[in-house]
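**Q** Let's see this in three dimensions:
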Amino acid sequence: MKQTAVVNFAPEKGSVELRQVDRPTIGEEDVLLKVGAVGVCGSDLHQWTSEHSWPVNYPVILGHEFAGTIEQVGSRVVGWKAGDRACSETAAVIDPNNPMTRAGLYNLDPTRKGYGYGVDGAMTEYVRVPSRCLHKVPDGLAFERACLTEPCCVAYNAVVVNGSVKPGDRIVVLGPGPIGLLCAAMAKLQGGIVAVVGLERDKVRLDIAKQYGCEVVVGDCREWAMAADGLGVDGVVDAAGISATLKTAIDIVRPAGWISKVGWGRAPINFSLDPMVQKNVTMKGSFSHNWAMWERVLRLLATGILNIDPVVGGTWTLEHWHEAFETMHSGEIAKAVLTPK
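**A** Residues are numbered from 1 along each chain as shown. Now for the predicted structure:
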């Protein structure tokens, strides 16, 4: 049986199109999930524009932020049945014997493969999902919001796990993309005084940051960072998709402060890290998420403590994926969501 899918078929720029593909079959420990909604991630756009820095298994169906209804369960699946509402983590393939997996950090398993680049993702009608990846979508949480649990977990990991925000801390978020905005929202929930830094072209997204109670800075943020006592901010979340912003983070963080680097940038850095050493700064990379983070974030979404409505700029059907990609890429909106017919 065939289904419609948004397929990235080659490494060249613009190599994404709507195709008819075979509906997946499932194994004993999998479920077949009928997709209710799938978020468009910046990484989807980067593969579309060929600006990514990770290996891609072409051709591949895009989409790793998704939720839906279980259509079929494998013979060895426990705790799930047809009709259950669920969302999925992104670690589609992991090595159960890898030391990181055995430590519960399967997101850091070097052999891990995720949806949308390593295996077929969810910009389609049905997707195969290992049951270990599933989380129950609480009643009352729409699929169009539940599908965005994944980027919220990325932000949770960057701010709560790999950052250290105390009430009253002054925090700078570099980059007002969807992840940056969600990082800012998380930092506000932690009690931080948050500034989101962007460019003139980011006006729409900076206005979203204001809705979360953040201050916004266009361009150079050094004045804001040094305003309290001249030493810099307590923490910086680098959520920009370029490497150069790491220098800014090092310049504006205070001695004994911290930097959480969640944005990907494929260009090499060409500056000294000595200031970071001199200031005794803690810097962590932040990648993906794990089971415990998903459970916490789903509670935040279901209770309304974390409101992601400001980030969502619209919903399109799969057939109109190109319009959704273009609208998000242009900066008119922060986040697009796709739904099958």
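**Q** I'd like to know how far the residue of the chain most remote from its centre sits from residue 254.
**A** The C-alpha centroid of the chain is most remote from residue 229, which lies 33.4 Å away (Cα atoms, centre = their mean). Look at residue 229 and residue 254: by Cβ to Cβ, to the nearest Å, they are 8 Å apart. To be clear about C-beta, it is placed using only N, CA and C from the backbone, and glycine gets the same treatment.
**Q** and what of residue 282?
**A** 12 Å.
**Q** for the stretch 201-341 of the chain, what spans make up the strands?
**A** Using DSSP state E, counting those that start in this stretch, the strands found in the stretch 201-341 of the chain span residues 215-218, 233-238, 253-261, 282-285, 312-317, 335-339.
**Q** Partner strands of the first one and their direction?
**A** Think strand 215-218. strand 193-198 (parallel) (DSSP bridges).
**Q** tell me the angle of the partner strand relative to strand 233-238?
**A** If you take axes from the mean of the first three to the mean of the last three Cα atoms, to 10 degrees, strand 193-198 sits at 40 degrees to strand 233-238.
**Q** average pLDDT for strand 193-198?
**A** Averaged across strand 193-198, the pLDDT comes to 98.
**Q** ok, and what's touching that strand?
**A** 168-176, 180-181, 184, 187-188, 205-206, 209, 212-219, 221, 224-225 (Cβ atoms under 8 Å, 6 or more residues apart in numbering).
**Q** Quick check: can you list the domain ranges of the protein?
**A** 2-148+308-339, 153-285 (automatic domain parsing).
**Q** Out of those domains, the one nearest residue 295 is which?
**A** domain 2-148+308-339 (6.8 Å; Cβ to Cβ).
**Q** chain center to that closest one, what's the gap?
**A** Mean-position distance between domain 2-148+308-339 and its chain equals 12 Å (Cα atoms, centre = their mean, to the nearest Å).
**Q** End to end on that domain, go ahead and measure it.
**A** Using Cα to Cα, to the nearest Å, the end-to-end distance of domain 2-148+308-339 comes out at 17 Å.
**Q** pLDDT at the residue farthest from the centre of the chain, what is it?
**A** 97.
**Q** Which one of residue 282 and residue 254 is surrounded by more residues?
**A** residue 254 (20 against 16; other Cβ atoms under 10 Å).
**Q** Distance of the nearest residue to that one once chain neighbours are set aside relative to residue 252?
**A** The shortest distance from residue 254 to any residue other than its chain neighbours is 3.6 Å, reached at residue 232 (Cβ to Cβ, 6 or more residues apart in numbering). When Cβ to Cβ is the yardstick, residue 232 and residue 252 sit 5 Å from each other.
**Q** show me what contacts residue 124?
**A** With Cβ under 8 Å, 6+ apart, residue 124 has these contacts: 3-6, 21, 35, 61, 63, 318, 340.
**Q** can you pull the contacts of residue 245?
**A** Counted by Cβ under 8 Å, 6+ apart, residue 245 has contacts 174-175, 238, 263, 265.
**Q** Among those, find the lowest-pLDDT one for me.
**A** Among the contacts of residue 245, pLDDT bottoms out at residue 265, giving 86.
**Q** Neighbours of that one, how many?
**A** 16.
**Q** so how far is residue 160 from it?
**A** 23 Å.
**Q** swap in residue 189?
**A** 9 Å.
**Q** what's the answer for residue 299, then?
**A** 13 Å.
**Q** The two - which one has more neighbours?
**A** Each of residue 299 and residue 160 has its neighbours counted (other Cβ under 10 Å); residue 160 has more, 19 against 12.
**Q** Excluding chain neighbours, what is closest to the more buried one?
**A** residue 186 (6.2 Å).
**Q** Report the contact partners of the one you found.
**A** Per Cβ under 8 Å, 6+ apart, neighbours of residue 186: 155-156, 158-160, 306.
**Q** Buried subset of those, written for PyMOL?
**A** Per 16 or more other Cβ atoms under 10 Å, the buried members of those correspond to this PyMOL selection:
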select buried, resi 155+156+158+159+160+306
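**Q** Adding secondary structure as columns, could you present the contacts of residue 186 in a markdown table?
**A** Output for the contacts of residue 186, formatted as a markdown table (DSSP: H, G, I helix; E, B strand; the rest coil):
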| residue | secondary structure |
| --- | --- |
| 155 | helix |
| 156 | helix |
| 158 | helix |
| 159 | helix |
| 160 | helix |
| 306 | coil |
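**Q** Out of the contacts of residue 186, which two sit at the greatest distance?
**A** 158 and 306 (14.3 Å).
**Q** can you give me the helices in this structure?
**A** Counting by DSSP state H, the chain has helices at residues 42-48, 99-102, 143-146, 149-156, 178-189, 203-211, 222-226, 245-252, 274-278, 291-303, 321-329.
**Q** from memory residue 73 sits against residue 31, does it?
**A** Yes: if you go by Cβ atoms under 8 Å, residue 73 and residue 31 touch, sitting 5.1 Å apart.
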